[in-house]
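Colleague: Dropping a prediction and its sequence here:
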Amino acid sequence: METSYNTQCINKGEIIMKEEYKRPYVIAEAGCNHMGSMDIARDLIFTAKTFCGADAIKFQKRTPKELLTKEQYDAPHPNPANSYGETYGAHLEFLEFNLEQHIQLKKWCDEIGITYSTSVWDMTSAQEISSINPKFIKIPSACNTHYAMLNWLCDNYEGEIQLSFGMTTRSEEEEIVSLFERKQRAKDLILYNCTSGYPVPFKDVCLLELKRMNEQYRGRVKAIGFSGHHLGISVDVAAYVLEAEYIERHYTLDRTWKGTDHAASLEPDGVRKLKRNLDAVFQALRYKNEEILPIEKVQRDKLKYREH
C-alpha cells in the first residue's frame, strides 16, 4: 500500500514531519454476485479494474456439504425468491466455482492488473485456495472462530489473512488475535470492523468501533479495515478518516439481479465514486507544510487587510 503525504506539525517555525494516513486500499467484493456464471465473473473483474479503479476483487469459496449440516443443506432457502436451487444446499452448489475456475479467475485478474482474492468458509476451501497462492485470503465473520482452519492457514499459507469481526464478541476477538500472535502471524493479519446484515441501517454501522479496534489492536496486527453492508458511500469515507486503511464493499453489475447480496452492493459507478472520493480525502488529510501555502500567497497579497 502506498504511503501518504507526510502530515506535518508546526512548532516554533520548525516543520516536524510525521507520516499518518496511507492511501486507501479498495476491495470490490464480488462474492457470489456472478450468479454462477464465469462470463459475469469476468465482466466483474474487467469492470472493477478498468472502470471502478479498485485495487482488488474478491470472490467466495465454500464446500456446502462440509459447511452445512444435513438438515441445513436439505432445508429450503430462507428467501425462496433469491434461491437458485430447491434446497439451501443446492442453492449454494449452483453458485460455487471449482478450483479450476478460481485458477482462471486469478489468471484474468493477473492479466488485467487487479489483485485476486477469495473468502474461504471451510477447511477444504482454505486448502484449495491457498494452493493457488493469492496475495491475501479473507476469513468472513461467520467463520472467524473456525480455529482449526485459522491454525491451518497460519501454518501453511504465507500470504496476508484478512478477517472480519462481524457478530463477534470481545472475548472471541481477543482469542482470534492471540492465536495469530502465538503462531507469529499477527503482522500478516488485517482486521475488519463489520456489522453482519444485508443491508445494515446506519445506526447499526457503529463506526466508532474502529476507534476501539485501533486502540486495542493497532501495533499488534498489520492493519485495520472496514467492511460495509450499508447503502451509499459516505460512511466509507468516514471509516477511512477513522483510520480504516482497507475498505471493502460488496459489488455487483446490477442491484436488481436475483440473489441475497445484490441489494446491499454497489454498482460499478458507486465503486468508482467511492474510489474517487477516498483518493480525494487521502490528498486532503495533511497539515500545512508552511504557514502560508503557495496557493494562498497570491490571495494574501491581493486580499489581506493592511493598515493604510
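Modeller: That came in fine, so what should we check first?

Colleague: Look up phi and psi at the nearest residue to residue 91 once chain neighbours are set aside.
Modeller: Nearest residue to residue 91, sequence neighbours excluded (Cβ to Cβ, 6 or more residues apart in numbering): residue 85, at 4.0 Å. Yep, even glycine has a C-beta here, placed from its N, CA and C like the rest. Dihedral pair for residue 85: phi -160, psi 170, per degrees, to the nearest 10.

Colleague: next one: residue 223
Modeller: phi -170, psi 170.

Colleague: Do you know the pLDDT at residue 17?
Modeller: Note on residue 17: pLDDT of 34.

Colleague: Which residue ranges of the chain form strands?
Modeller: 6-11, 14-19, 25-31, 56-61, 115-120, 136-139, 160-164, 189-194, 223-228, 246-250 (DSSP state E).

Colleague: just the helices in the stretch 201-308 of the chain please.
Modeller: Secondary structure of the stretch 201-308 of the chain (DSSP state H, counting those that start in this stretch): helices at 209-217, 234-241, 268-284, 294-303.

Colleague: Of all these, which one comes closest to residue 111?
Modeller: With Cβ to Cβ as the criterion, residue 111 lies closest to helix 268-284 of those, at 19.4 Å.

Colleague: in that closest one, what counts as buried?
Modeller: 268, 270, 271, 272, 274, 275, 277, 278, 281, 282 (16 or more other Cβ atoms under 10 Å).

Colleague: and the gap between the fourth one and residue 53?
Modeller: Residue 272 sits 6 Å away from residue 53, taking Cβ to Cβ, to the nearest Å as the criterion.

Colleague: And for the first one?
Modeller: Counting by Cβ to Cβ, the separation of residue 268 from residue 53 is 10 Å.

Colleague: And for residue 115?
Modeller: 13 Å.

Colleague: So which residue is smack in the middle of the chain?
Modeller: residue 248 (2.6 Å; Cα atoms, centre = their mean).

Colleague: residues near residue 237, how many?
Modeller: Residue 237: 16 surrounding residues under other Cβ atoms under 10 Å.

Colleague: same deal with residue 53?
Modeller: If we define neighbours as other Cβ under 10 Å, then residue 53 has 16 of them.

Colleague: ok now do it, which residues does it touch?
Modeller: 26, 272, 275, 276 (Cβ atoms under 8 Å, 6 or more residues apart in numbering).

Colleague: Columns distance to residue 264 and pLDDT on top of those residues, output as CSV?
Modeller: What follows is those, written out as CSV (distance: Cβ to Cβ, whole Å; pLDDT from 0 to 100):
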residue, distance to residue 264, pLDDT
26, 17, 98
272, 18, 98
275, 19, 98
276, 21, 98
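
Colleague: Closest to residue 174 out of those?
Modeller: The closest of the contacts of residue 53, once distances to residue 174 are taken by Cβ to Cβ, is residue 26, at 28.7 Å.

Colleague: For residue 125, see how far away that closest one is.
Modeller: On the measure of Cβ to Cβ, residue 26 and residue 125 end up 24 Å apart.
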